[in-house]
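My questions concern the predicted model and sequence given below.
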Amino acid sequence: MKKVKFLIFLIFFPHFFAQAAFTETEKLSGFCKIWGFLKYYHPAVANGKLDWDAQFIMLLPKVEAAQNAEVLSEIYLQWIDGLGKVPVCQNCVSNKSTFEKNFSLEWINNRHLFSDALSNKLQFIAANRHQGKKHYVKTATYGNILMTNEIDYAFFEFPEKNYRLLSLSRYWNVVEYFFPYKYMSDQNWDSVLAEMIPRFLNAQNATEYQLALAETTIKMDDGHASLYPETVRAYFGRKYIPAYFNIIENKAVITGFTNRKLAEANGLQLGDILEKTGQTTVLQKMADTEKYVSGSNRSAKAKNHVFSIFNGETDSVAVTISRDGKTFTKSIGRYTSAAMKEEKPAETEKYKILDNTISYVNMELLDESDVDAMMETFKNTKAMVVDLRNYPKFIPYAIARRLISKNTEYLKTIAPDLSFPGKFYWQENARIKPLANQYYSGNVIILVNEKTQSRAEYSAMMLQAGDHSVTVGSQTAGADGNVSRISYIGFESYMSGTGIFYPDGTPTQRSGIKIDMEVKPTIEGIKNQKDEVLQRAIDLINFGK
């Protein structure tokens, strides 16, 4: 009997659920999505015929005042009708091979927020979306996007509430439609919008607002994603201890110095285990500040924590250190970046012969013009070690061509499809063509670690296509693909703009490139200044292990 009564209720009150109460965050989230959708899909808006920021600010009070879905949907319908008629698209069918893991317009069918009439209108716009040159976005040289014609505002440090929400909406929608790795982020991008709306609206000052910007950016889980000006660094303090650290054997260990003289003056040593800063363990503080630290994976994030743990505005910080089985606490000096500046050692050897049979090249120092002479020097060696634990000056196509005996695919790429925002298309697979009479027949060992990022990862993939290539080291940064600059109001950011995959479809984002032999530094090796990764490569060449 109860089921019968419920069915009768649905027949006579079909709009009950459409008019059910929604939260303020749900309402504003829907508004941000519709505004972004129309920005890239509606012919009149995508053509730049309207000041779309001004439209956001104009409509927002009406949206906030709407108390139910029926009223809210009518506001949207009148707004959209005022933009002009959407003609039937004659060329909206694409023959491109598309990648659709990022694509979803299911929110259009949210009957909790939108009426049938509104959902139908949005679906019609999607089916008859704008084609051709867009006002707010264009394709860059390598397929990634460039934001265009966005208004700059003078009051960016802490804009008033409505403009803070506009800033979030602008940024969120660029990621929504043009970030190739959105589907790989830990947090669903829809839920990011819902989480951050209250944070943007309720920010009480510039610091709270700018931390919200930074946190939103980090939620992309992309090593290329960072915020400029670097407000988070100012928040944690702009004076640093003269050393950097990484996680080795699950401990925070000093792996190098930003200024050797200052480090020695403060009694710091390579291999020191950093236990606490003040009364807080370093590992706990890393966990507490992780939401502000860029990185695609934990290996990459660990090295980027250098600005969030020991820095501050005072001239010193109490640090608890473990060394050789003893633990002690001491005051370590803090210094500005300018005060810590020191000249790097004049390392002139871009490449060398380690012994009579093994050659070595540091890709951070090598210039493309050096390749011919280098390969002539290396031609009689039995193996070549290519060190990519750095950022190379160039993509080593000229080297890779000498490592293959036939045309070889080494990666495939997706790029944003501006004709159908949210979808991506597969570009032609990248290939290497061998260089006649220049074949290097020796083994090639590629060294990688968490510093191997972006161009370095791309370069490693190219060299991995070699006939006798082996990759040794630890997880790379997992931030691959040409970078796109995107922005909030007044703050710049970046993201990986194209998606990079192996020919078999294996992604490189977050996981990093494929590694044949995992080798990580040890605390003991760091203390004794031994390059254990390089040594393992040499052992592999000489002894096969």
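It's in. Numbers count the residues shown, from 1 in each chain.

only C-alpha atoms for contact and neighbour calcs from this point on.
Noted.

Now do residue 132: how many residues are near it, please.
11 (other C-alpha atoms under 10 Å).

residues in contact with it?
residue 419 (C-alpha atoms under 8 Å, 6 or more residues apart in numbering).

Now do residue 462, the pLDDT please.
Residue 462 is assigned a predicted lDDT (pLDDT) of 98.

quick check, it in a helix?
Yes: judged by DSSP: H, G, I helix; E, B strand; the rest coil, residue 462 forms part of a helix.

residue contacts, it?
Contacts of residue 462 (C-alpha under 8 Å, 6+ apart): 396, 397, 400, 410, 411, 432.

Report the buried members of those.
By neighbour count, with 16 or more other C-alpha atoms under 10 Å, those hold 396, 400, 410, 411, 432 as buried.

of the contacts of residue 462, closest to residue 290?
Closest approach between the contacts of residue 462 and residue 290, by C-alpha to C-alpha: residue 411, at 31.5 Å.

my read is residue 274 is in a strand, agree?
Yes: assessed with three-state DSSP, residue 274 lies in a strand.

From residue 299, how far out is it?
17 Å (C-alpha to C-alpha, to the nearest Å).

for residue 105, same thing?
Using C-alpha to C-alpha, one obtains 34 Å as the distance from residue 105 to residue 299.

Same question for residue 255.
Taking C-alpha to C-alpha, one finds residue 255 at 14 Å from residue 299.

how about the buried ones among the contacts of residue 462, which pair is most distant?
Among the buried ones among the contacts of residue 462, 396 and 411 lie farthest apart (C-alpha to C-alpha), at 14.3 Å.

Now do the strands in the stretch 401-545 of the chain.
Remark: strands assigned in the stretch 401-545 of the chain by DSSP state E, counting those that start in this stretch are 408-416, 424-426, 430-432, 443-448, 469-473, 483-487, 492-496, 499-501, 517-518.

Each with direction, which strands does the fifth one pair with?
It refers to strand 469-473. strand 443-448 (parallel), strand 517-518 (parallel) (DSSP bridges).

just those: most buried one?
strand 443-448 (a mean of 25; mean count of other C-alpha atoms under 10 Å).

could you give the mean pLDDT of that strand?
pLDDT averaged over strand 443-448 gives 98.

hmm, who's touching it?
Against strand 443-448 from outside (C-alpha under 8 Å, 6+ apart): 382-389, 460, 463-464, 466, 468-476, 533-534, 537, 541.

which residues of the stretch 251-400 of the chain score low on pLDDT?
343-347 (pLDDT under 70).

Which one's more surrounded, residue 105 and residue 299?
Neighbour tally, residue 105 and residue 299, criterion other C-alpha under 10 Å: the higher count belongs to residue 299, 21 against 12.

Identify the residues contacting that one.
247, 450, 475, 476, 477.

Just confirm it is within a helix.
Yes: counting by three-state DSSP, residue 299 falls inside a helix.

Distance of it relative to residue 245?
Residue 299 is 12 Å from residue 245, by C-alpha to C-alpha.

ok, now residue 173?
36 Å.

what do you get for residue 463?
29 Å.

what about those two, which has more around it?
Per other C-alpha under 10 Å, whichever of residue 463 and residue 245 has more neighbours is residue 463, with 29 against 22.

and the closest residue to residue 229 other than its chain neighbours, how many residues sit next to it?
Spatial nearest neighbour of residue 229, excluding adjacent residues (C-alpha to C-alpha, 6 or more residues apart in numbering): residue 491 at 6.5 Å. Using other C-alpha under 10 Å as the criterion, residue 491 is surrounded by 19 other residues.

So residue 491 sits against residue 231, correct?
No: counting by C-alpha atoms under 8 Å, residue 231 is not a contact partner of residue 491; they are 9.5 Å apart.

hang on, the earlier thing: what sits against the residue nearest to residue 229?
Residue 491 touches 156, 227, 228, 229, counting by C-alpha under 8 Å, 6+ apart.

now residue 327, what's its secondary structure?
strand.

Burial check on it, number of neighbours?
12.
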